[in-house]
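S.K.: quick one: sequence and predicted model below, then my questions.
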Amino acid sequence: MGRFWSILFFLVPILAIATLVMANFGIAPLETARLPRSFSMAGDTIDQLFNGIHLLSALILSGTVLSLGWALWKFDHRRNDNPKARYFTHNTRLEIVWTIIPAFILVFLAFFQMKSWSENKMDRPTLTVNGQSVPVPPIVMVKAKRFGWEFHYAGDDGIVDTQDDIYIENQLVLPVGEDIVLQLESRDVIHSFYVPELRLKQDIVPGMTQFAWFHSREAGDIEIMCTELCGWGHYIMKADLKLVDRSTYDLWLAEQKSPYTPEFKSNPEVAAAENARYTESDARLERSAQAGNDLAENSIE
Amino acid sequence: MAEATVDNLSKHPRTGNPVSRFVFTYVFATDHKIIGLQFLFSSMIWFFVGGFLALAVRWQLAWPWSDMPIFGHLLFADTGGQMSPNFYTMLFTMHASIMIFFVIIPILAGGFGNYLIPLMIGAEDMAFPRVNMMSYWFMWPAFGFIILSFFLPEYGPAAGWTSYPPLSVLNGGAQTLWLMAMVCVGISSMLGAINYLTTIIQMRAPGMTMFRLPMTIWGMFITAIMQAFALPVLTAALLMQLSDRILFTGFFLPENVSINNGVAASGGGQALLWQHLFWFYSHPAVYIMILPAMGMVSDIVSCFSRKPLFGYRPMVYSITAIAGLGFIVWGHHMFISGMNHTLAMSFMVSTMLIALPSGVKVFNWIGTLWGGKLHLTTPMLFCIGFVSMFVIGGLSGIVMSAPPVDIVVHDTYYIVAHLHYVLFASSVLGVFGALYFWFPKMFGRMMNEPLGKIHFLLTFIFLNGTFFPMHFLSRMPRRVADPYIYDGLKDLLPLNQFMTICAFAMGAAQIIFLLNFFGSLWFGPKAGRNPWNSNTLEWTVPSPPPHGNFEVQPIVRRGPYEYSHPDVEEDFCPQTKNDV
Ligand code: HEM
Ligand SMILES: [Cu+2]
Ligand SMILES: [Cu+2]
């Protein structure tokens, strides 16, 4: 039986690596399982890191689990002729080796990825204005709310969150080939802005203003997903993202004067029923919260 | 329990009435073994409840909005058996809450901890038997609150097991019950933790030095330290959220939160504060959920390799390091949360460091197998399964600890893959291994080996079928009732159906376990004191051990891993044996 079990454990790294390769290189039946192609340079770097660490992991997985399987193969008591197991308790040198080598690999990894992180999250792109470099201003303010997305484009003044903003729901159109900065805010609970193709994700926390940026080199119709649980309708919280060239974008923006009506693409009956239920309980909460406010105000007086 | 010792009589007011005798022995029990079994059985029941919730989640992901088998028509008669999105939200919230707080933590620390600590250190009971009883009884209000919450109109708590405010503060009343339940579980664990620490420090048998303790005890000891330090923080956070909900304070509510276009909250607080407090507990908690299993696996692997545990001291140092580092890595759950992005770098470094002691443990387990005379019994197979699966879970941990990579994988099915490899494929396999191993001690009978092996084989295959494909799904957000709303995810339907079928098969395989467990309870062959020829103290007493545990005071003469010592005739050498 020892052989049977060791084959079972041999299969673990073999199948793990086989399926990872299939998913990565688009081989059936896992051809659809991978991440979509990246649309940006920063995304490519993330992919390289992702694949690099997975490659390393695959090596470590094979090393450890194959030796585990080999131990079962070789040392099963029925096949091991020695009357007793070999008696040894420890080997300090070995312990040091298998602590230090992974430590070096990890330190290397840690430093290696810092650049990508700062590109993506810390160093907001800049422009040069009058010889001075200033951060790129946000082109659109994203207001997340249960269960949809508002996009407030800067109007003629070029500043978001002002009177002349152009307001659109659940559809975002942005130009390709330039640095885009988004201002992210939430109206109610925590949401998260995720665009797989752009390798862009940022939680949107009420009470905080945050910025996210990307630089897409490809045009296309993709989707924005909400990746933070925000209530029963979390799953319908999607928006379309159209990446177009600059001239198409300018034309499109010029046309956007009329308000846009959002449409929910979920099962309409379920959504309606759920909405009714929730409006009711939300109203109750509002009342009780209002009571709390009154309480607080009274106590101040 | 058959032997009535003087001790037994003095502790329990015995009346002739068999009913009150039963109540005093099994319900108001102060004996650590009975309390251990109470934890064990209640966790097993909740394990099946949590399992059903998970299958319902999987059902929805494979056949969204279709008639749920059996339960659909009972619960959703008006929609023809189709579950509602809020029901789905409740399902995954309660699946995780139950599995974490009602199953894994109580079965490891409460069940095995209680049962094994006094037996393995040579004590007659815990230091504080009544505190111990209270620790179990604090689980029951929690059970009550959670059961009650299922009957509220919103079906149950539905803010995720992480309960991030403001959502959790604004949700319906079930969330209040959830919070109260968690406070009770926390108190239960804290009471347990003080008891374990005192017992392990104060009540070891003569000769049982700290470095002669079996790894199981080390795992429990370090776990208890983590619980003692981390739980007060969680409890405080839970009470703060509770007061945000019912006293209208605003710890976690920022200014101007609006729901349905009305201002809904008092404001002035910080939504991220909860996440810091929660993860300050819950990252240590993930180790609370695996260190005891790691300890038990170490003992079982050494026993069935008939060989000393390789690198006992490095094993002890590594769990200590895991516990220490475990307190400074919580930010890895918050890379994308809006927390200061520079801070992410330091959490990345500490998280990568924690992979080192985890690696050391794996290498030492393989070192233990190497050159042994392996007996591949059911408990041994589960433990080897644990080791191999922990490698996968640990490696995906390293992948996610790289913040740029975490941008992609955070809050997607990749996380779900990781946490199930460490919690199900590692901790739960470890628990099964430990159950098969200590069953003879607990109930005096052996479990059936062939059935156990089939149970292992099926569980192992189907768990990989269920969870491994999730590693490919870093574009599929988690906690989404109907992913196929997104055009980009429509092609994932067949893969999700495959995973669901595997999950149902895995669930079905547990029937074999139940048959084996309950069958063996009554019909298994009688086990002697030491059926596995193991070294540790619990195997020197009768199975099941009597009240008071040891007939004579055990004197410990050596460490727990003297298997196949060249100077000893047999291939094992109990810790108390004195003629060598
Ligand atoms: C090698 C050691 C480990 C590393 C480096 C590691 C790393 C991580 C990271 C970075 C995350 C956050 C991912 C995200 O949300 O974006 C995470 C999540 C998680 N880890 Fe680990 N982990 C390790 C071991 C463990 C162990 C041993 C357990 C439990 C027994 C565990 C349980 C979890 C759970 C439950 C989550 C998900 C929490 C949630 O969001 O619901 N991890 N891990
Ligand atoms: Cu959402
Ligand atoms: Cu963590």
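M.R.: Ah, there it is. Ligands and ions are numbered 1, 2, ... in the order given.
S.K.: point to the residue nearest the middle of chain A.
M.R.: In chain A, the centroid-proximal residue (C-alpha atoms, centre = their mean) is A:Lys201; its distance is 4.1 Å.
S.K.: which neighbours does the helix or strand hosting it have in its sheet, and in what orientation?
M.R.: Element membership for A:Lys201, per DSSP states H and E: strand A:200-204. Take DSSP bridges as the rule and strand A:200-204 pairs in its sheet with strand A:191-195 (antiparallel).
S.K.: wait, does the partner strand contact ligand 1?
M.R.: No. Against ligand 1, strand A:191-195 shows no contacts by C-beta under 6 Å from any ligand atom, the least distance being 11.0 Å. (Glycine included, C-beta is placed from N, CA and C.)
S.K.: so where do the strands sit in the stretch 251-400 of chain B?
M.R.: Applying DSSP state E, counting those that start in this stretch to the stretch 251-400 of chain B gives strands spanning B:258-259, B:262-263.
S.K.: relative to B:Ser298, how far out is the residue nearest the centre of chain B?
M.R.: For chain B, the residue nearest the mean C-alpha position is B:Ile104 (2.1 Å; C-alpha atoms, centre = their mean). Look at B:Ile104 and B:Ser298: by C-beta to C-beta, to the nearest Å, they are 18 Å apart.
S.K.: got it, and B:Pro544?
M.R.: 24 Å.
S.K.: how about B:Val27?
M.R.: In terms of C-beta to C-beta, B:Val27 sits 34 Å off from B:Ser298.
S.K.: the more surrounded of those two?
M.R.: B:Ser298 (29 against 13; other C-beta atoms under 10 Å in any protein chain shown).
S.K.: now for that one: which residues touch it?
M.R.: B:Met215, B:Thr216, B:Gly219, B:Leu309, B:Met315, B:Trp365, B:Thr368 (C-beta atoms under 8 Å, 6 or more residues apart in numbering or on different chains).
S.K.: up against ligand 2, what does chain A have?
M.R.: Residues of chain A found near ligand 2 (C-beta under 5 Å from the ion) are A:His191, A:Cys226, A:Cys230, A:His234, A:Met237.
S.K.: would you mark the buried spots in stretch A:8-23?
M.R.: Buried residues in stretch A:8-23, counted by 16 or more other C-beta atoms under 10 Å in any protein chain shown: A:Leu8, A:Phe9, A:Phe10, A:Val12, A:Pro13, A:Ala16, A:Ile17, A:Thr19, A:Leu20, A:Met22, A:Ala23.
S.K.: what do you get for stretch B:193-212?
M.R.: For stretch B:193-212, the neighbour count (16+ other C-beta under 10 Å) marks B:Ala193, B:Ile194, B:Asn195, B:Tyr196, B:Leu197, B:Thr199, B:Ile200, B:Met203, B:Arg204, B:Ala205, B:Met208, B:Arg212 as buried.
S.K.: looking from ligand 1, tell me which residue of chain B is nearest.
M.R.: Nearest residue of chain B to ligand 1 (C-beta to the nearest ligand atom) works out as B:Gly397 at 2.5 Å.
S.K.: and that residue, how far from chain A?
M.R.: Going from B:Gly397 to chain A by C-beta to the nearest C-beta, to the nearest Å gives 10 Å.
S.K.: ramachandran coordinates for A:Met225?
M.R.: Backbone torsions for A:Met225, taken as degrees, to the nearest 10, come to phi -110, psi 150.
S.K.: for chain A, which helix is longest?
M.R.: Counting residues, the longest helix in chain A under DSSP state H turns out to be helix A:41-75.
S.K.: where in chain B is pLDDT low?
M.R.: Across chain B, residues meeting the criterion (pLDDT under 70) sit at B:1-16, B:77-80, B:258-266, B:580.
S.K.: quick one, domains of it?
M.R.: For chain B, automatic domain parsing gives the domain ranges B:32-255, B:289-486+B:500-527.
S.K.: let's have the residues of chain A next to ligand 2 in a markdown table, adding pLDDT.
M.R.: Below are the residues of chain A next to ligand 2 laid out as a markdown table (pLDDT from 0 to 100):
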| residue | pLDDT |
| --- | --- |
| A:His191 | 95 |
| A:Cys226 | 94 |
| A:Cys230 | 91 |
| A:His234 | 92 |
| A:Met237 | 91 |
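S.K.: tell me the secondary structure at the residue of chain A positioned farthest from its centre.
M.R.: Relative to the centre of chain A, the most outlying C-alpha is that of A:Pro83, 55.8 Å out, by C-alpha atoms, centre = their mean. Secondary structure state of A:Pro83, per DSSP: H, G, I helix; E, B strand; the rest coil, is coil.
S.K.: now it. Its backbone dihedrals?
M.R.: Main-chain dihedrals, A:Pro83, degrees, to the nearest 10: phi -60, psi -30.
S.K.: so how far is B:Arg306 from it?
M.R.: In terms of C-beta to C-beta, A:Pro83 sits 11 Å off from B:Arg306.
S.K.: count the residues that sit near the nearest residue to B:Val431 once chain neighbours are set aside.
M.R.: For B:Val431, ignoring the flanking residues on the chain, the nearest one in space by C-beta to C-beta, 6 or more residues apart in numbering or on different chains is B:Ile107 at 5.8 Å. By the criterion of other C-beta under 10 Å, B:Ile107 has 28 neighbours.
S.K.: measure B:Ile107 to B:Ala293 for me?
M.R.: 10 Å.
S.K.: quick one: the helices in the stretch 401-550 of chain B?
M.R.: Here the stretch 401-550 of chain B has its helices, by DSSP state H, counting those that start in this stretch, at B:403-409, B:413-422, B:429-443, B:449-467, B:493-523.
S.K.: which one of those lies nearest to B:Met133?
M.R.: Set against B:Met133 and scored by C-beta to C-beta, the helices of the stretch 401-550 of chain B come closest in helix B:429-443, at 18.7 Å.
S.K.: for that closest one, what is the distance to the chain centroid?
M.R.: The chain centroid and the centroid of helix B:429-443 are separated by 15 Å under C-alpha atoms, centre = their mean, to the nearest Å.
S.K.: can you name every helix or strand that it contacts?
M.R.: helix B:114-121, helix B:291-305, helix B:378-401, helix B:449-467, helix B:493-523 (3 or more C-beta pairs under 8 Å, 6 or more residues apart in numbering or on different chains; DSSP states H and E).
S.K.: so which of these is nearest B:Gly51?
M.R.: For these, the distance to B:Gly51 is smallest for helix B:493-523, at 5.8 Å, taking C-beta to C-beta.
S.K.: just name whatever secondary elements the closest one is in contact with.
M.R.: helix B:32-62, helix B:429-443, helix B:449-467.
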